[in-house]
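Engineer: next one to model:
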Amino acid sequence: MRTAFHLLDLVLSEELAVRDDRRFRNGLRLSKLPHHKTLEDYDFSFQPDLDPRKVKDLATPSFVEDKANVALLGPPGVGKTHIAAALAVAACRAGYSIYFTSLDDMVRHLKAAEDQGRLISKLTSYLRPSVLVVDEVGCQPLERAEANLVFQVISKRYEKGSIILTSNKTFSEWGQVFGDEVLATAILDRLLHHCEVVSINGDGYRLKNRLQAIERDTDVA
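Structural biologist: Down below sits the predicted model:
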């Protein structure tokens, strides 16, 4: 009898594992993540000022359960998007829904929806997931009407869902990014209330790889 129960337990465990893996893969497919990164792929040795423990602690379900946010700040190429994607993948594996967008794409889609009279419906697509990843905040300055659309997303997700964002701008520069100091302050007030800020300083990976390629070409010549 014990053997029969043991076999049944093994079968059920296998079925649950298959179901969880199917759910995980389907979640990744729907997430729009450009790359399915992990923290194991990130070269922390290239960013010695970045504490690996702090980042890896964020790859647990706790910040999603707390409806908290993560802001990854630093110059281009230091791996902000890599870490953001890795945290999202970890959340997806833990059973949470995730969605990835650049800020410019989100604004563009919201503006189009507003013009077509379906803004509320489109907003829902950014409010529904447990974790919303917003990449490249600050790459392009926004007009005030565009910034107001971003505010609606941030405000409606406040204490209801987590946001992971990346930006090459310091928070003091967000007034220029959003074209309005008051609106930028309102966005930051909601975003930073429950937020882990990770600053990454140093040279970018792409610059590093490019310089290494140039050096190899020079050595060959």
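Engineer: okay, now the unreliable bits of the chain?
Structural biologist: 1-2, 4-15, 17-18, 204-221 (pLDDT under 70).
Engineer: assign the residue nearest the centre of it to helix, strand or coil.
Structural biologist: Among the residues of the chain, V133 comes closest to the average C-alpha position under Cα atoms, centre = their mean, at 3.2 Å. At V133, secondary structure determined by DSSP: H, G, I helix; E, B strand; the rest coil is strand.
Engineer: for it, which residues count as its bridge partners?
Structural biologist: Under DSSP bridges, the beta-bridge partners of V133 are F100, I164.
Engineer: residue ranges for the strands of this structure, please.
Structural biologist: For the chain, applying DSSP state E gives strands covering 69-73, 98-102, 131-137, 162-167, 195-199.
Engineer: what sits up against the last one?
Structural biologist: Residues outside strand 195-199 that contact it (Cβ atoms under 8 Å, 6 or more residues apart in numbering): 50, 54-55, 58, 63, 68-74, 83. The way it works is simple: take the backbone N, C-alpha and C, and place the C-beta from them, glycine included.
Engineer: mind redoing it with 10 Å?
Structural biologist: 49-51, 54-55, 57-58, 63, 68-74, 78, 80, 83-84, 87, 162-166, 170-171, 188, 191 (Cβ atoms under 10 Å, 6 or more residues apart in numbering).
Engineer: select only the buried ones of those in ChimeraX?
Structural biologist: Remark: buried members of the contacts of strand 195-199, expressed as a ChimeraX selection using 16 or more other Cβ atoms under 10 Å:
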select :50,55,58,63,68,69,70,71,72,73,74,78,80,83,84,87,162,163,164,165,166,171,188,191
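Engineer: just to revisit the earlier point, which one of the strands of the chain lies closest to R23?
Structural biologist: strand 98-102 (12.2 Å; Cβ to Cβ).
Engineer: would you mind listing the buried residues in that closest one?
Structural biologist: I98, Y99, F100, T101, S102.
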